[in-house]
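Peer 1: sequence first, then the predicted structure, then my questions.
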Amino acid sequence: MLDKRFVKTTQVLEIAKNSYRVPLSTKPKEYVTLDPLETYYGAVNGIVMHRNTLLVVPVNVPSDARLYEIHFYVAATPRLRNFDLTFAPNNTLYNTVYTTSSIMSNATTGAYSICHTSRGNVFHSDVQVGTSDIAPLHIYIRCMPNPVNNKCALISAGDIHGLASTFVWWRDGTTKWTRLGALQFTATMPSNVVPIMDITCFVQRIV
């Protein structure tokens, strides 16, 4: 449970037993630490998401944490196309330390893709094959932050046109995973309109 000082300074609302509500933010002032089976809920409406915007999930990762589940629901105005998503552990872009394997499909065309890469500076996943991927969409991430030499994540994402499943191994065996991470999007942006997004996040520490 959060101590009284934390509750007072950040106005955290306990919405259920062992469950906390804290707004999503690009620069959170404080973080929550979840015990096993405790949950975090955060949302932000009307946020302007540029290509370089990192939306932080304000959850600490203690050294004994083994597994987290994260759900994101994303809506955008206008309805942007060709969504890709990235998740940056520790809210940091590391250089060329991830190995990624993906399976993607397109429900409309029947196309599918299987790919593998040993590069990248974030946990990356497409939403589906092709460029018709469009919000609203659901993103599910299962993170295993410890042990430090076996950090990895499984990312599943989908919309009305298809889905993708991606496994990412963080090959750096020395950097500790201490902050859960930040969400970032790339998409086909309109030239004369700034995209506005509504994003909801639910996190549960499993063990």
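Peer 2: On my side now, so go ahead. Residues are numbered from 1 along each chain as shown.
Peer 1: what bits of the chain have low per-residue confidence?
Peer 2: 1-18, 51-52, 78-84, 96, 107, 112, 116, 118-122, 124-136, 186-193 (pLDDT under 70).
Peer 1: just give me the neighbour total for the nearest residue to residue 48 once chain neighbours are set aside.
Peer 2: Closest residue in space to residue 48, ignoring its immediate chain neighbours: residue 194 at 5.6 Å, by CB to CB, 6 or more residues apart in numbering. Glycine gets a C-beta too; all of them are placed from N, C-alpha and C. Other residues near residue 194 number 11, with proximity taken as other CB atoms under 10 Å.
Peer 1: for residue 194, give its distance to residue 26.
Peer 2: Remark: distance between residue 194 and residue 26 (CB to CB, to the nearest Å) = 15 Å.
Peer 1: then residue 168?
Peer 2: Residue 168 is 23 Å from residue 26, by CB to CB.
Peer 1: more crowded one of these two?
Peer 2: Legend: neighbour count by other CB under 10 Å for residue 168 and residue 26, higher for residue 168 (25 against 14).
Peer 1: might one say that that one is in contact with residue 153?
Peer 2: Yes: here residue 168 reaches residue 153: they are 5.0 Å apart, a contact under CB atoms under 8 Å.
Peer 1: what's the overlap in contacts for these two?
Peer 2: Residues touching both residue 168 and residue 153 (CB atoms under 8 Å, 6 or more residues apart in numbering) are residue 123.
Peer 1: surely residue 151 and residue 144 touch.
Peer 2: Yes: here residue 151 reaches residue 144: they are 6.6 Å apart, a contact under CB under 8 Å.
Peer 1: mind checking which of the two has more residues around it?
Peer 2: Legend: neighbour count by other CB under 10 Å for residue 151 and residue 144, higher for residue 151 (23 against 19).
Peer 1: could you find the closest non-adjacent residue to that one?
Peer 2: Residue 151 sits nearest to residue 170 (CB to CB, 6+ apart), 4.0 Å away.
Peer 1: what residues are bridge-paired with the one you found?
Peer 2: residue 98 (DSSP bridges).
Peer 1: ok, it - contacts?
Peer 2: When contacts are counted by CB under 8 Å, 6+ apart, residue 170 touches 89, 97, 98, 123, 151, 152, 153, 177.
Peer 1: hmm, 7 Å instead?
Peer 2: 89, 97, 98, 151, 152 (CB atoms under 7 Å, 6 or more residues apart in numbering).
Peer 1: distance to residue 183 added to those residues, as CSV?
Peer 2: Output for those, formatted as CSV (distance: CB to CB, whole Å):
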residue, distance to residue 183
89, 11
97, 19
98, 16
151, 18
152, 18
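Peer 1: of the residues you listed, which pair is most distant in space?
Peer 2: Across these, the longest distance by CB to CB is 12.0 Å; it joins 97 and 152.
Peer 1: my read is residue 198 is in a strand, agree?
Peer 2: Yes: assessed by DSSP: H, G, I helix; E, B strand; the rest coil, residue 198 belongs to a strand.
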